[in-house]
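>>> Whatever this is, show me its structure:
(chains A and B)
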Amino acid sequence: MITFMNNSDSEDEPCNERTSLMSAESPPVPSYQDGLQASETREAQTHRKRQTGSSRSPNNVADEDASDSDVRVRESALENEEEELTLKYGAKHVIMLFVPVTLCMIVVVATIKSVRFYTEKNGQLIYTPFSEDTPSVGQRLLNSVLNTIIMISVIVVMTVFLVVLYKYRCYKFIHGWLILSSFMLLFLFTYIYLGEVLKTYNVAMDYPTVILIIWNFGAVGMICIHWKGPLQLQQAYLIMISALMALVFIKYLPEWSAWVILGAISIYDLIAVLCPKGPLRMLVETAQERNEPIFPALIYSSAMIWTVGMAKPDTAAKGQSQQTWDAEDERENHSSTSHSDSQILDTRSPAPSHPITLEEMEEEERGVKLGLGDFIFYSVLVGKAAATPSGDWNTTLACFVAILIGLCLTLLLLAVFKKALPALPISITFGLIFYFSTDNLVRPFMDTLASHQLYI
Amino acid sequence: MTLAVFFGCTFIAFGPAFSLFLFTIARDPLRIIILIAGSVWGWGPWATSGHRAFFWLVSLLLSSLIWFIAVKASDPHDEPLQKGLLIFGVMFSVLLQEAFRFLYYKLLRKAIEGLVALSEDGCSPISIQQMAYVAGVGFGLMSGAFSMINLLADALGPGTVGIHGDSQLYFLTSAFMTMVLIFLHTFWGILFFHGCENRRWWEIVAVVVMHLAVSGSTFCNPLYVGSLVPSYVLMAIAAVWAYMLSGGSVQNLRRFLLCAQSEASPQPAS
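Model (predicted):
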């Protein structure tokens, strides 16, 4: 889901709060509007750590009251400038999103193409109990639809459970759940991955070395993700765990079920974010009521931001923190469906209540946030395309391009509509269309052309 | 085979294109702006590559669909018919690609208008010539990638090229052909957009004819002298033409080659 922070009403202040892809007019509520998509976890994490974010809101509201009259006058004059800057930031932000998504997909495709383990059929998840080894097409289709129904209902139940937990402020429970899931992901799944890679390349490694490597990798990962760490290391870890999760899905979801699940997930995303009674929307509204930011957890953040304590002037600019939030890893256990929130958050560094100095203003860097669930499902789509038995690279490339185009369009729509939008539907739709059409139509054509060495 | 051939063919085919990309496009994301449906935002070079690639992909999809339907509707054992259908498929694909290039031109035109309306000083941060160049590179990269990538993947594995009597130069000539096609698409982009801008229809027709000629010449394969040589000649012609249209001249070239400073030289549109 893609969301914006609506914060740009206080134009009269020397620090113009500008969001990329946001227009000057925005509703005065300064909290994040998030559509969160994940059933799983993590939401509670964020408000625990996000005192700074929440403290910003009262100041904004106060500022807006005071500056209401000035706003109109300045608005037109500033709007052009805003748009110019939004253009600049828009370009950077799209690249900031493209690079991690591309990296995750590259890791997944490289693994699928080289490590046999992830394309072997070794059983299925308990969420997809119906086997696809049936002889008839109709039975197979029916089984995949049933698998999808079960999977989606599990996700819905998880999301509702999470919303309930958040509503009743059971933050400790959610936090514990997140820690456990990221622990499992960072240690167990990495160990399995390392083992399979070593097997593929026939490299021998003794257990003490393995323990050392896995221990260090996992421990640093836990610290980076749940506490503090250099931004790029945190980004790298988030990309790696998204790739690991996507690989698990690719291995354990049967062929047809995977495609139907991808389609169903995008529809669910659409419903959950846009319908008034959708769980994610309710989550957003609850967070807004409490003036808390929603789920920095499980979000890939791409820039450094100021963490400024607005309500406490004495503890003002805490300084640039390398890590934007303590992004929790919402990868929970393998046993629970990992549909983490897929959202894109457009964040702005919170502006302090007092007029800030010019240097502070200039260092205000806006970043873009994208939910890890989006990473995962994009990578699942591309990975499944790469795992097709025909081994065609054109299909993978076409799906990759389709997903990036979908991401572009989604960001564009976000700029137009300026409210929480789901990030999955457009990309997944394009990806599915291009996968099936490339695999069935373009592949025979290109193969025939290549065999005669013809060029178009 | 294996790594040497893989890297060799990759760099032959994609080296010039990627260096073009790195030096001229990746440098400044603001220079590349794409408009979709009238709204104006800045997109990075990745985004615009994606859009161009997308347009090329859609054209490929439609032409494959037509060919597929034709093949399924015909007798698979009739060799001349299949060959004829293939020729028809190739020509149709070329025409469709050019049609999509035109559509893309229309889209970028709207983008420029929107940008001009939005900017403070009334001029767009990116000109139509830059967009033409970027569009050409995008089309070329995508078409090259689709032609080459399966070949490269096979080149990594074991095997002997041409063991059944086919040409032994298959990979090498494919790489060279891909490179020339990428360059050609770049120059055709510039020519095409220039023709559309200035209402010179003969330039557009020339681009289409050149494309058909290059694709048609590949029917001579494996007689590579019949396909590679004309393609390179056409590329040289297109390069000179595009250079002239972009404001280049012999004086510019001489100054550039002699590394002399030029104060009042006509700048290439950029």
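
>>> mind listing what the nearest residue to B:Ser59 once chain neighbours are set aside touches?
By the measure of C-beta to C-beta, 6 or more residues apart in numbering or on different chains, the closest residue to B:Ser59 outside its immediate chain neighbours is B:Phe100, 4.1 Å from it. To be clear about C-beta, it is placed using only N, CA and C from the backbone, and glycine gets the same treatment. By C-beta atoms under 8 Å, 6 or more residues apart in numbering or on different chains, the contact list for B:Phe100 reads B:Phe55, B:Trp56, B:Val58, B:Ser59.

>>> how about B:Ala239, what does it touch?
Contacts of B:Ala239 (C-beta under 8 Å, 6+ apart): B:Phe183, B:Phe187.

>>> circling back to that earlier point, tell me which of the contacts of B:Phe100 fall in helices.
Using DSSP state H, the members of the contacts of B:Phe100 that fall in helices are B:Phe55, B:Trp56, B:Val58, B:Ser59.

>>> just the buried members of these?
B:Phe55, B:Trp56, B:Ser59 (16 or more other C-beta atoms under 10 Å in any protein chain shown).

>>> Including pLDDT and distance to A:Thr286, could these go into a markdown table?
Below are these laid out as a markdown table (pLDDT from 0 to 100; distance: C-beta to C-beta, whole Å):
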| residue | pLDDT | distance to A:Thr286 |
| --- | --- | --- |
| B:Phe55 | 83 | 43 |
| B:Trp56 | 85 | 46 |
| B:Ser59 | 88 | 47 |
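
>>> Turn those into TSV, columns for distance to B:Ala132.
Listed next are these as TSV, based on distance: C-beta to C-beta, whole Å:
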residue	distance to B:Ala132
B:Phe55	14
B:Trp56	15
B:Ser59	18
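
>>> quick check, nearest of these to A:Pro135?
Using C-beta to C-beta, B:Ser59 is the member of these that lies nearest A:Pro135, at 39.2 Å.

>>> Might you report the residue contacts of that closest one?
B:Ser93, B:Leu96, B:Gln97, B:Ala99, B:Phe100.

>>> do that again at 7 Å, thanks
B:Ser59 makes contacts with B:Leu96, B:Gln97, B:Phe100, as judged by C-beta atoms under 7 Å, 6 or more residues apart in numbering or on different chains.

>>> what's the answer for A:Tyr237, then?
Here A:Tyr237 is in contact with A:Gly221, A:Cys224, A:Ile225 (C-beta under 7 Å, 6+ apart).

>>> Roughly how far does it sit from A:Val220?
To A:Val220, A:Tyr237 is 8 Å away according to C-beta to C-beta, to the nearest Å.

>>> next one: B:Asp78
For B:Asp78, the distance to A:Val220 - C-beta to C-beta - is 64 Å.

>>> The two - which one has more neighbours?
A:Val220 (14 against 11; other C-beta atoms under 10 Å in any protein chain shown).

>>> Work out for me the element the more buried one sits within.
helix A:207-226 (DSSP states H and E).

>>> ok, then the element right after that helix?
Per DSSP H and E, the helix or strand that comes after helix A:207-226 is helix A:231-252.

>>> Identify each buried residue in that following helix, please.
A:231, A:233-252.

>>> any idea of the mean pLDDT for it?
On average, the pLDDT along helix A:231-252 is 92.

>>> Send me stretch A:237-252 as PDB with only the CA atoms.
Taking Å, rounded to 0.1, in the frame of the first residue of the first chain, the C-alpha atoms of stretch A:237-252 are listed here in PDB:
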ATOM      1  CA  TYR A 237      19.000  -6.800   5.500                       C
ATOM      2  CA  LEU A 238      15.400  -6.000   4.600                       C
ATOM      3  CA  ILE A 239      16.100  -6.800   1.000                       C
ATOM      4  CA  MET A 240      17.700 -10.100   2.000                       C
ATOM      5  CA  ILE A 241      14.900 -11.200   4.200                       C
ATOM      6  CA  SER A 242      12.300 -10.300   1.600                       C
ATOM      7  CA  ALA A 243      14.200 -12.400  -0.900                       C
ATOM      8  CA  LEU A 244      14.400 -15.300   1.600                       C
ATOM      9  CA  MET A 245      10.700 -15.100   2.200                       C
ATOM     10  CA  ALA A 246       9.900 -14.900  -1.500                       C
ATOM     11  CA  LEU A 247      12.100 -18.000  -2.100                       C
ATOM     12  CA  VAL A 248      10.100 -19.900   0.600                       C
ATOM     13  CA  PHE A 249       6.900 -19.000  -1.100                       C
ATOM     14  CA  ILE A 250       8.200 -20.000  -4.500                       C
ATOM     15  CA  LYS A 251       9.300 -23.300  -3.200                       C
ATOM     16  CA  TYR A 252       6.300 -24.300  -1.300                       C
END
